[in-house]
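**Q** model this:
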Amino acid sequence: MEQKRKKILIMRTDRLGDVILSTPVIANLRKFYPDSHIAFLCRPYTKDVVEGNPYLDEIIIYDKNNKHKSIFSSIKFCLSLRKKNFDTVFILNPNNRSNMLAFFSGITHRIGLNRKMGHLLTQPIEDKKHEGKKHELEYTLDILREAGIPITEKQAHFPIKKESEKRIKELLLANGIKNNEFAVIHPSASCPSKRWMQDNFIKLAKLIKEKTNLKVIIISSKEERKFAEELAKEKGVIDFRGILSISDIGALLKQSKVFISNDSGPVHIAASLDVPVISIFGRNDPGLSPTRWRPLGKKSFYIHKAVSCKICLAHNCINNFLCLKSIEPEEVFALIREILE
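**A** Have a look, this model is predicted:
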């Protein structure tokens, strides 16, 4: 790509963890195009990941499930995007809608993975993510590499708002926590093939309370509160489910001693903040496995058991999620002990 590019758009309209793992793209583009206007297009619930990013000039919200769901509203959105005169777009997650948005917004150079209406791209790149031979971060950075942009930054960036730091401090004090002597558990996830059994989280919480001086805080989104109903009833467990923004979660994790979670977005928040994190993995399909989705960092760990399945069917599992059931609370706690020591 020539150095004359002046207005660059990055599109990533999928989930929280995906957006966090895409933040090195912003840093690398800024280094290569120091004087360009760089914007990031994302969904409303992931904007906290990029708000406050020092390398961005603009954030554009595309609400594909509500405000911009209809064809008419998407046409209006394209017209508003066209007025911004972007000359280059990097589409980081292949989907029909993103490729159409870029095309109908009149962006001259459209770079992305050759899947789901990839014919609308001017530089389609072979999509090998399903092979799961390397991390999602590397697959995403490959889009820049194919465009001739050198990679010098690989650290994910997560900004924490001052108001979130203040709110978390107040919440901790209200629950009798005056220091960072607490562990955070995130027992939910978007898919049953990602969710370690709630009974195991209950046993793990008891081990933490009985054998360490840490208090236990549980978090989840509002929509996933149900996956921790019994855990929240445990004596001494502090329940922050459904009350924290994405930025609040970052502020909370930054203060914690250790974070234990299913394979989900908050895992990557913790890793980006250099917080000790343990991610519990089930699925073994190459495109869904820890090789592609584990947390990255010196303080990042994961537990995954290979079981007898010849083919992983993920959420259509016919073995009753044996891979998840084979992970015992005691071995997760043993790893927590190692981290604390």
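**Q** How confident was the prediction at K4?
**A** pLDDT for K4: 60.
**Q** what's the answer for K194, then?
**A** In this model, K194 carries a pLDDT of 88.
**Q** which residue sits closest to K206, ignoring its sequence neighbours?
**A** Distances taken as CB to CB, 6 or more residues apart in numbering put E234 closest to K206, at 7.2 Å, once the chain neighbours are dropped. (C-beta placed from N, C-alpha, C; glycine too.)
**Q** go on, E165?
**A** A251 (4.8 Å).
**Q** Sticking with that neighbour, tell me its helix or strand.
**A** Assigned by DSSP states H and E, A251 belongs to helix 246-255.
**Q** Let me know the next secondary structure element after that helix.
**A** strand 258-262.
**Q** Who does that next one pair with, and is each partner parallel or antiparallel?
**A** strand 182-186 (parallel), strand 277-281 (parallel) (DSSP bridges).
**Q** then the first one to CSV, C-alphas only?
**A** Read it as strand 182-186. Output of strand 182-186 as CSV, limited to C-alpha atoms (Å, rounded to 0.1, in the frame of the first residue of the first chain):
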residue,chain,number,x,y,z
PHE,A,182,-9.8,-10.9,45.8
ALA,A,183,-10.2,-13.3,42.9
VAL,A,184,-12.7,-12.8,40.1
ILE,A,185,-14.7,-15.7,38.5
HIS,A,186,-16.6,-15.4,35.2
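**Q** Whatever helix or strand comes next after it versus strand 182-186: what angle between them?
**A** Moving toward the C-terminus from strand 182-186, the next helix or strand (DSSP H and E) is helix 198-211. When axes from the mean of the first three to the mean of the last three CA atoms, to 10 degrees is applied, the directions of helix 198-211 and strand 182-186 differ by 180 degrees.
**Q** What is helix 198-211 packed up against?
**A** Judged by 3 or more CB pairs under 8 Å, 6 or more residues apart in numbering; DSSP states H and E, helix 198-211 is in contact with strand 182-186, strand 215-218, helix 229-232, helix 329-340.
**Q** what does it contact?
**A** 183, 185, 187, 214-216, 218, 227-231, 234, 236-237, 260, 327-330, 332-333, 336-337 (CB atoms under 8 Å, 6 or more residues apart in numbering).
**Q** rerun at 6 Å
**A** By CB atoms under 6 Å, 6 or more residues apart in numbering, the list of residues contacting helix 198-211 from outside reads A183, P187, L214, V216, E230, L231, E234, G236, V237, P329, V332, F333.
**Q** Which pair of the residues you listed spans the longest distance?
**A** Taking CB to CB as the measure, the contacts of helix 198-211 span a maximum distance of 20.4 Å, between L214 and E230.
**Q** Count the residues that sit near T122.
**A** 14 (other CB atoms under 10 Å).
**Q** scratch that, E229 is what I was asking about
**A** 10.
**Q** Now it. Nearest residue, chain neighbours left out?
**A** Q198 (8.0 Å).
**Q** quick one: pLDDT of that neighbour?
**A** pLDDT, Q198: 95.
**Q** Compute the distance between it and F333, please.
**A** 16 Å (CB to CB, to the nearest Å).
**Q** For those two, work out which one has more neighbours and name it.
**A** F333 (21 against 16).
**Q** what's the nearest residue to that one if we skip its chain neighbours?
**A** Going by CB to CB, 6+ apart, F333 has L207 as its nearest residue, at 4.4 Å.
**Q** What of G236?
**A** K209 is the one closest to G236 (CB to CB, 6+ apart), at 5.6 Å.
**Q** Strands along the stretch 1-150 of the chain, start to end?
**A** 7-11, 37-42, 58-61, 88-91, 109-113, 123-125 (DSSP state E, counting those that start in this stretch).
**Q** so which of those comes closest to T291?
**A** Of all the strands of the stretch 1-150 of the chain, strand 109-113 sits nearest to T291, with 18.6 Å by CB to CB.
**Q** angle of that closest one against strand 7-11?
**A** 20 degrees.
**Q** how deep is the residue nearest to E165 tucked in, by neighbour count?
**A** 23.
**Q** Pull out the buried residues from stretch 284-298.
**A** Neighbour-count burial for stretch 284-298, counted by 16 or more other CB atoms under 10 Å, picks out N284, G287, L288, S289, P290, T291, R292, W293, R294, P295, L296, G297.
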